[in-house]
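> Test case, fold it:
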Amino acid sequence: MDAAGELAPRLLEGEKCYAGLDLSSSIDITALGMVFPRPNGEFASIVKFWMPQEKLKIKVKRDLVPYDVWAEQGYITLTPGAVVDYGTVLKDIVALKETYNIREIVLDRWNASHMATLLEGEGFTVVMFGQGFRSMSEPTKNLLSLILANKFKHGNNPVLNWMAGNVAVMEDASGNIKPDKQKSKKRIDGIVACVMGLARAVGSTIKPKESIYKTRGLEML
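Got it, this is the predicted structure:
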């Protein structure tokens, strides 16, 4: 990913962010992409990953991917058991709230109602987000544009770099696009999480237009 950029997470402490949470399958990787609006139209991200401890060796052999190395380096959190422990995911997200100003957590509206309830119980604002072209096209295009302009920084996260290289994009007849998990050669969960977080982060930077009556006064013609 060309827009990796150097990023010191401590510089983002206390800053507002919008986090996309891609729960994926319980036996695969779950990803949280925290997207931070920055000056000059730039965005920064911190991405967290979780996967089940008992599947680690199998997945390293099957996928030929150094998940074990990334786990040792702190880029992936291993949860106990053969499936992703969402209790651990929830606990870790709650802990992140102590460091970062998480304004919203964005979830796929399909099959995430239980996690949404748990997050709301912890005081988070939860936004349910569709995975179709209507919801995903604009933020996907925005992410691609930001990467090309070197305005999306993620601190050279090796897991996210790998996932960026896996992405296949689906396009409809109207030119709308979105990441395609089925056609992507390997995991892309972190990219999907960033797309969802970016959708809300971009929206937060757009100021509503003021009425001309407030700015110019009421003119009688």
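
> What's opposite residue 43 in the beta bridge?
Residue 43 has these beta-bridge partners by DSSP bridges: residue 37, residue 152.

> ok, residue 176 touching residue 139?
No: in this structure residue 176 lies outside contact range of residue 139 using Cβ atoms under 8 Å: 11.4 Å. Heads up, the C-betas are built off the backbone N, CA and C, glycines and all.

> can you pull the contacts of the residue lying closest to residue 186 once chain neighbours are set aside?
Distance criterion Cβ to Cβ, 6 or more residues apart in numbering; nearest residue to residue 186, sequence neighbours excluded, is residue 166 at 4.4 Å. By Cβ atoms under 8 Å, 6 or more residues apart in numbering, the residues touching residue 166 are 184-188.

> Can you spell out which residues form a bridge with the residue nearest to residue 116 when sequence neighbours are not counted?
Of all residues not flanking residue 116 in the chain, residue 126 sits nearest, at 4.7 Å (Cβ to Cβ, 6+ apart). When bridges are called by DSSP bridges, residue 126 pairs up with residue 105.

> still on that earlier bit, need the contacts of residue 166 in JSON lines (columns: distance to residue 18 and pLDDT).
As requested, the contacts of residue 166 are exported to JSON lines (distance: Cβ to Cβ, whole Å; pLDDT from 0 to 100):
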{"residue": "184", "distance to residue 18": "23", "pLDDT": "80"}
{"residue": "185", "distance to residue 18": "28", "pLDDT": "74"}
{"residue": "186", "distance to residue 18": "26", "pLDDT": "88"}
{"residue": "187", "distance to residue 18": "22", "pLDDT": "92"}
{"residue": "188", "distance to residue 18": "19", "pLDDT": "93"}
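
> And those residues, which is closest to residue 153?
residue 188 (19.3 Å; Cβ to Cβ).

> For residue 74, see how far away that closest one is.
21 Å (Cβ to Cβ, to the nearest Å).

> again with residue 173
44 Å.

> repeat for residue 120
Distance from residue 120 to residue 74, by Cβ to Cβ: 29 Å.

> Looking at those two, which is more packed in?
A side-by-side neighbour count of residue 120 and residue 74, using other Cβ atoms under 10 Å, places residue 120 first with 12 against 8.

> backbone phi and psi for residue 103, please?
phi -70, psi -40 (degrees, to the nearest 10).

> Just give the nearest non-adjacent residue to it, would you?
Going by Cβ to Cβ, 6+ apart, residue 103 has residue 16 as its nearest residue, at 5.2 Å.

> repeat for residue 24
The spatial neighbour of residue 24 that comes closest, neighbours along the chain excluded (Cβ to Cβ, 6+ apart), is residue 189 at 5.0 Å.

> With residue 71 instead?
residue 78 (5.4 Å).

> Direction included, what does the helix or strand where the one you found lies pair up with?
Here residue 78 is covered by strand 76-79, with elements defined by DSSP states H and E. Partners of strand 76-79 in the sheet, by DSSP bridges, are strand 43-52 (parallel).

> Figure out how far the strand it pairs with is from the centre of its chain.
7 Å (Cα atoms, centre = their mean, to the nearest Å).

> what distance separates whichever helix or strand comes after that strand from the centre of its chain?
Heading C-terminal from strand 43-52, the first helix or strand you meet, by DSSP H and E, is helix 56-63. In terms of Cα atoms, centre = their mean, the centre of helix 56-63 is set 24 Å apart from its chain centre.
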